[in-house]
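J.: Just the structure for this:
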Amino acid sequence: MVGLFKCRICGFAYKEKSWAEKCKNYCRTHNACSLEITKHAVTREPH
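T.: Predicted coordinates:
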């Protein structure tokens, strides 16, 4: 989707770049997604 920032690890997309960065860092560190972060996602795109 145009205008969205995507987590390169799990594929969730966000309107704000900061949430995509937080998601990527969390995924990398914990090898899992955070519900507190992903609740801000607008979609999940296949990687």
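J.: Now do the buried residues in the host helix or strand of residue 29.
T.: In the assignment (DSSP states H and E), residue 29 maps to helix 17-30. Buried positions in helix 17-30, judged by neighbour count with 16 or more other CB atoms under 10 Å: 19, 20, 22, 23, 24, 26, 27. (C-beta placed from N, C-alpha, C; glycine too.)
J.: With adjacent residues omitted, what lies nearest to residue 43?
T.: In space, and not counting its chain neighbours, residue 43 is closest to residue 13: 4.9 Å by CB to CB, 6 or more residues apart in numbering.
J.: whoops, I mixed them up, residue 8
T.: Excluding the flanking residues, the one nearest residue 8 by CB to CB, 6+ apart is residue 24, at 6.0 Å.
J.: and residue 21, what is it in contact with?
T.: Residue 21 makes contacts with residue 5, as judged by CB atoms under 8 Å, 6 or more residues apart in numbering.
J.: Look at the residue nearest to residue 19 when sequence neighbours are not counted and report its pLDDT.
T.: Spatial nearest neighbour of residue 19, excluding adjacent residues (CB to CB, 6+ apart): residue 40 at 4.8 Å. For residue 40, the pLDDT comes out at 97.
J.: And for residue 40, the neighbour number?
T.: A total of 15 residues lie near residue 40 under the criterion other CB atoms under 10 Å.
J.: With residue 5 instead?
T.: By other CB under 10 Å, the residues close to residue 5 number 17.
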